[in-house]
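**Q** task: produce atomic coordinates for the following.
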Amino acid sequence: MLNPVLVLIGLTVAISVYAWSNQQLMDSWILRPYRMARDQSQWYRFLTCGFLHADWMHLLFNMIAFFSFGSLVLRAYCFGLPGTEVEGFGSSGGVWRFLLLYLGGIIVSSIPSYFRHRDDRHYGSLGASGGVAAVLFAGTLFAPTSKIYLMFIPVGIPAFIFGFLYLIYSYYQGRRGGDNINHDAHFYGALFGVLITLLLQPNVLPVFLAGVQGYKFN
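**A** Model (predicted):
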C-alpha cells in the first residue's frame, strides 16, 4: 500500500511548484471567499487551496512538519498505541481516517476565513497549514512529550507545551492580523485535529494526560 504521507507530500510539492509558473491554476485554486460567496460552484477552493504554497520556504516548512508527525499519527490510526487501550483501525481503516484528519483539517480551517473575508474582494489564502496543524496536534495527543525543534531555539520543546503556546499565539495573531499569515487556519486546524482524534480514539485522552503528568523537566 502506498504511504499516504509521502503521496500527499508529493502531490503538494508538484502542484505548488507547477502553480508558481501557471497563474491560471494558482488563481483558480486559491481560497477566494469573495468569489465563493457569490458562486457556490467554487467551494472546491476550501480543499484545493491546501495544495498551493506561496514559496519554497512556506512549502518546505509545512511539508517537513507534516512528515515529522504524519508517520506517527498514521501508525497510531492504523495500529493503535502498543501497551495502551488505544486501538487501531487496521491499514485501510487507518488510512481513510488519516485522510479525513488531514484533508478535513484543510477544509475546516478555511471556513472561518471564508466567513471573515467573504466581502473582501482582494483577500486570498493558500497553504496546507490547517491540515498540518491537525496532524501535528493529533500527534501531540499520541506523544505529548515528544520534542519539537525550532530553528531559532537550540533545545527541543515538549509537544504539549509547544501546542499550548502555539494555540495562544495563533489565536492572538489571528485577532490582530496584519502580517499576511492566516493564523486562523493554524488555530482551527489544530482544534480540528484534537477533536477528530478524540472522537475516533477517545482512549488517547488518558494516554495524553498520563504523559503530561509524568513529564519531568530537566
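
**Q** contacts only, for residue 190.
**A** Neighbouring residues of residue 190 by Cβ atoms under 8 Å, 6 or more residues apart in numbering: 133-134, 136-137, 163, 166-167, 170. Quick note: C-beta positions are derived from backbone N, CA and C, even for glycine.

**Q** which strand or helix spans it?
**A** helix 183-200 (DSSP states H and E).

**Q** for residue 108, same thing?
**A** With DSSP H and E as the test, residue 108 turns up in helix 90-117.

**Q** now for that helix, which elements pack on it?
**A** Applying 3 or more Cβ pairs under 8 Å, 6 or more residues apart in numbering; DSSP states H and E, one finds that helix 90-117 contacts helix 4-20, helix 33-38, helix 45-48, helix 56-79, helix 129-142, helix 183-200.

**Q** which of the residues in the longest one are buried?
**A** In this case it means helix 56-79. For helix 56-79, the neighbour count (16 or more other Cβ atoms under 10 Å) marks 58-59, 62-63, 65-66, 68-70, 72-74, 76-78 as buried.

**Q** circling back to that earlier point, and the next helix or strand past the helix holding residue 190?
**A** helix 204-213.

**Q** how far out from the middle of the chain is that following helix?
**A** Taking Cα atoms, centre = their mean, to the nearest Å, one finds the center of helix 204-213 at 21 Å from the center of the full chain.

**Q** quick check: mean pLDDT across that helix?
**A** Average pLDDT, helix 204-213: 94.

**Q** determine the set of other helices and strands touching that helix.
**A** helix 129-142, helix 159-176, helix 183-200.

**Q** for residue 35, give me its contacts.
**A** By Cβ under 8 Å, 6+ apart, the neighbours of residue 35 are 42, 45.

**Q** try 6 Å this time
**A** Listed by Cβ atoms under 6 Å, 6 or more residues apart in numbering, the contact partners of residue 35 are residue 42.

**Q** residue 102 too?
**A** Neighbours of residue 102 in contact, by Cβ under 6 Å, 6+ apart: 131, 135.

**Q** over to residue 127?
**A** The contact partners of residue 127, taken as Cβ under 6 Å, 6+ apart, are residue 53.

**Q** so it lies in a helix, does it not?
**A** No. Going by DSSP: H, G, I helix; E, B strand; the rest coil, the assignment for residue 127 is coil, not a helix.

**Q** per-residue pLDDT, it?
**A** pLDDT, residue 127: 94.

**Q** check the helices and strands packed on helix 204-213 for me: which has the lowest mean pLDDT.
**A** helix 159-176 has the lowest average pLDDT among these, namely a mean of 87.

**Q** how big is the angle separating that helix from helix 56-79?
**A** 130 degrees (axes from the mean of the first three to the mean of the last three Cα atoms, to 10 degrees).
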